[in-house]
Structures are given as structure tokens and as C-alpha cells.
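S.K.: Need a 3D model of the following:
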Amino acid sequence: MCRFALVRSELQQKPEKILKEFSEMTKKSRALDGDWQGDGWGISWCEDEEWKAYKSLKPLWEDRKVFATFPKTNMFLIHARSASFPKDKNNIEYNQPYVYKNFSFVFNGLLKGVHLSVPGRIGAEKIWGILKKYLNQFSPEEALQKTADLLIKNTQQVNALNIGLSDGKKLYSFCYYTMHPEYYNLQISKNEGSTIVCSEKIGGNNFEDLAVEKVVQI
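M.R.: Next up, the predicted model:
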């Protein structure tokens, strides 16, 4: 399953250090079925109140030479992709983070039997489409909660549903799972003016389980 990280800091910092730590985690991490996160990656960062993004089809840990090129920022999102189906590999348009207006979005999870007719070629695009619609009508917190509620209500089996969102000023996350909390639960670390929400613990930071089944604003 995909892995992601959300980072917000009081002072601007280069993403390089956290990218290295995140890449080391993703290289070692394996989904419950043994799958990896080597189907490309992406990063979005806030620069001059606009979102910039970089995406690659390389496994994250094989693209380390670009880590030092990203500028200082106080908000960035990272996503390492695990394609669900062979036909969906090697398409950089599918790589997250996705950006829309002043928002950036990441997702990971496993949903089976979704009974919704939503535009999109893959699950992440469909979820992003739902969220974008709500973001045009509600606050980020409300939009994210409504998206999660709609998906849970209309899905036969939700193993996990984790969403990260930023409006360039704050981070928002939603974590939900029905099994294997040791793998699906998001982690949060607050340390020296910096907050990290991540799929797994990284670096030497002190992490704890993130609150489940509600939107968390950071």
C-alpha cells in the first residue's frame, strides 16, 4: 500500500532530511501482502503561497540525487506509490500528491466494493474528485469529513482509508481502518516547532498513534 507524509514547520526548512528518512522507511516497508512502494513518488511544497510539485516514476530511494534541489518551505507532502494493478503502473499522472487551487492531497488505503459513480481512472483520483467538490462548498475540515463519511457509507469493505490534505496554512488528516492497526494507523510527531504525520515512524522522532475516525487539524 502507498505511504505518505505531511510536514508543517514554524520555520522554513529544506525537505531533504525528511525525504531521506522517508525514503529509507519506504524501501524497507512491505504491505501485508508483501507489496512495495516502488511505483514512483511525488512531493508537493508551498512556495510563495502556491503549490509546486515534483513527480517521478522511479522508486523514491533511487531518486535521492534530487532531494537537495527542493527549496526551503514550511509545508510539504510526500507520497510513495504502490500501484494496485499492473495496468496502472508507469503513468506519472497517477502519482500523488494531487494539487488543486490552494490545496494538496495524498491518500492511501484499501477499499473494496465502492458503490459510487465518480469520475476518475483510479481510486485516488475518484476520492480526490469527491473531496474537491466538497472543498468548493465547505471548510477543509468539513469537506474531508464529508468525503470520509460518504466513502465509508457506500463501501462494502473498508480495510483502511487514510487521507492527508493541506490548504497551504494547515494540515488536515483522516485515519480510519477496520483491521491491522499496526500497519494502517497513521503516526504523528511534534518536535521543535515541526509536526510530521506519516504512515510509519521515520528518523529519530518520537511518534504516537494519530486519532482515528475523525479529522485532525494541525
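
S.K.: any low-confidence regions in the chain?
M.R.: Judged against pLDDT under 70, the low-scoring parts of the chain cover residues 85-86, 88.

S.K.: quick one: G40 and S56 touch, right?
M.R.: Yes - shown here, G40 and S56 form a contact pair, counting by Cβ atoms under 8 Å, at 5.9 Å. Bear in mind the C-beta positions are built from the backbone N, C-alpha and C, glycine included.

S.K.: Looking at these two, which has the bigger crowd around it?
M.R.: Taking other Cβ atoms under 10 Å, G40 and S56 do not tie; G40 has more neighbours (24 against 16).

S.K.: contacting residues for that one?
M.R.: K55, S56, L57, K58, P59, A80, R81, N90, I92, Y94, N95 (Cβ atoms under 8 Å, 6 or more residues apart in numbering).

S.K.: Any chance of a ChimeraX selection covering the buried ones in the residues you listed?
M.R.: Listed next is the ChimeraX selection for buried residues among the contacts of G40, using 16 or more other Cβ atoms under 10 Å:
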select :55,56,57,59,80,81,94,95
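
S.K.: quick check, nearest of the contacts of G40 to N205?
M.R.: A80 (18.0 Å; Cβ to Cβ).

S.K.: quick one: contacts for the closest one?
M.R.: C2, R3, F4, F22, S23, T26, Q37, G38, G40, W41, P59, L60.

S.K.: Just the ones in strands from these, please.
M.R.: R3, F4, W41 (DSSP state E).

S.K.: Quick check: the first one touching M25?
M.R.: Yes - with contacts counted by Cβ under 8 Å, R3 reaches M25, the gap being 7.1 Å.

S.K.: shared neighbours, the two?
M.R.: With Cβ under 8 Å, 6+ apart, R3 and M25 have common neighbours C198, E200.
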